[in-house]
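Visitor: Model the following, please.
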Amino acid sequence: MKFKLINTFIDDLFLIEIENITNDSRGMFARLFCLNELNEIIGKRVIKQINISKTLERGSIRGMHFQKPPMSEMKLVRCLKGEVWDVAIDLRVQSKTYLKYYATKLSEENMRMLAIPEGFAHGFQTIKDNTELLYLHTEIYSPEFESGIRFDDPAIKIDWPMNPINLSKRDMSHCLINKNFEGINDEM
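Guide: Numbering: from 1, shown residues only. Purely as a prediction, here's the structure:
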């Protein structure tokens with residue numbers, strides 16, 4: 001089995017497709033992760049935490065979350081059930097795509113994964129009810145280093161596919177980007 005790395009318009013942000021999925025009368029078999037095959041983007045990073053989320057209602061938004069240095073993390077995100085509009089915002093101040101976002105559909109049908117490097121905020125909107133996402137993280141969750149960007153920040157202008165619903169109090173409390181926003185220094 002091989003993974004196909006698809007470059008996005010943002011440096012270091014990759015969409016990953018499985019090139020060989022086995023289907024037969026019993027069903028399907030596919031690899032979710034292989035360090036050897038993804039070594040080009042994982043490098044010396046180590047997967048330190050694996051999480052799953054289940055979101056019950058379509059239109060719900062989770063995000064836009066990130067961890068600040070020194071606890072910045074790479075995330076590998078895959079939809080196991082349902083469908084999401086997955087979004088990553090480049091917060092690296094040295095990047096030519098600083099404050100730009102990339103969005104793509106992740107679903108159980110397309111089996112794509114998004115590889116989001118350190119220095120990005122991440123979130124999603126569910127397109128189907130009862131959607132489940134699997135996250136592989138290269139850092140341990142650290143509440144003292146967590147932060148976020150508002151899902152409706154006018155500086156980013158994310159084009160969500162549906163009217164947003166079911167945002168958490170935490171996600172609604174994220175500040176809007178202003179002149180005091182420092183971004184993330186990718187020279188950690």
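Visitor: in this structure, which spans are helices?
Guide: Ranges of helices in the chain, per DSSP state H, are 35-42, 169-173.
Visitor: just checking, what packs against the first one?
Guide: What it means is helix 35-42. Applying 3 or more CB pairs under 8 Å, 6 or more residues apart in numbering; DSSP states H and E, we find helix 35-42 packed against strand 3-7. Every C-beta, even on glycine, is put in place using the N, C-alpha and C of the backbone.
Visitor: dump the residue contacts of residue 5.
Guide: Counting by CB atoms under 8 Å, 6 or more residues apart in numbering, residue 5 makes contact with 14-16, 40-41, 115.
Visitor: Hmm, I typed the wrong one, I wanted residue 17.
Guide: So residue 17 contacts 3-4, 6, 110-112 (CB under 8 Å, 6+ apart).
Visitor: Tell me which residues of stretch 72-83 come out buried.
Guide: Within stretch 72-83, the residues that count as buried by 16 or more other CB atoms under 10 Å are 72-80, 82-83.
Visitor: any chance of these in CSV, plus pLDDT and distance to residue 32?
Guide: CSV is the format used below for the buried residues of stretch 72-83 (pLDDT from 0 to 100; distance: CB to CB, whole Å):
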residue, pLDDT, distance to residue 32
72, 96, 23
73, 97, 18
74, 97, 16
75, 98, 14
76, 98, 9
77, 98, 11
78, 97, 7
79, 98, 11
80, 96, 9
82, 98, 16
83, 98, 17
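Visitor: Read off the pLDDT value for residue 31.
Guide: pLDDT, residue 31: 86.
Visitor: you'd agree residue 134 is up against residue 80?
Guide: Yes. The pair residue 134 / residue 80 is scored as a contact, 5.4 Å apart, by CB atoms under 8 Å.
Visitor: what touches both of the two?
Guide: residue 52.
Visitor: residue at max distance from the center of this structure?
Guide: What lies farthest from the middle of the chain is residue 25; by CA atoms, centre = their mean that is 32.9 Å.
Visitor: residues touching that one, list them.
Guide: Per CB under 8 Å, 6+ apart, neighbours of residue 25: none.
Visitor: just the one 10 residues further on next, same as before
Guide: Residue 35 is in contact with residue 42, counting by CB under 8 Å, 6+ apart.
Visitor: ok, it to residue 58 distance?
Guide: According to CB to CB, to the nearest Å, residue 35 and residue 58 sit 34 Å apart.
Visitor: what does residue 16 give?
Guide: Distance of residue 16 to residue 58, computed by CB to CB: 25 Å.
Visitor: one step back: confidence-wise, which of the contacts of residue 5 comes last?
Guide: residue 40 (92).
Visitor: Closest to the centroid, which residue in the chain?
Guide: residue 122 (4.6 Å).
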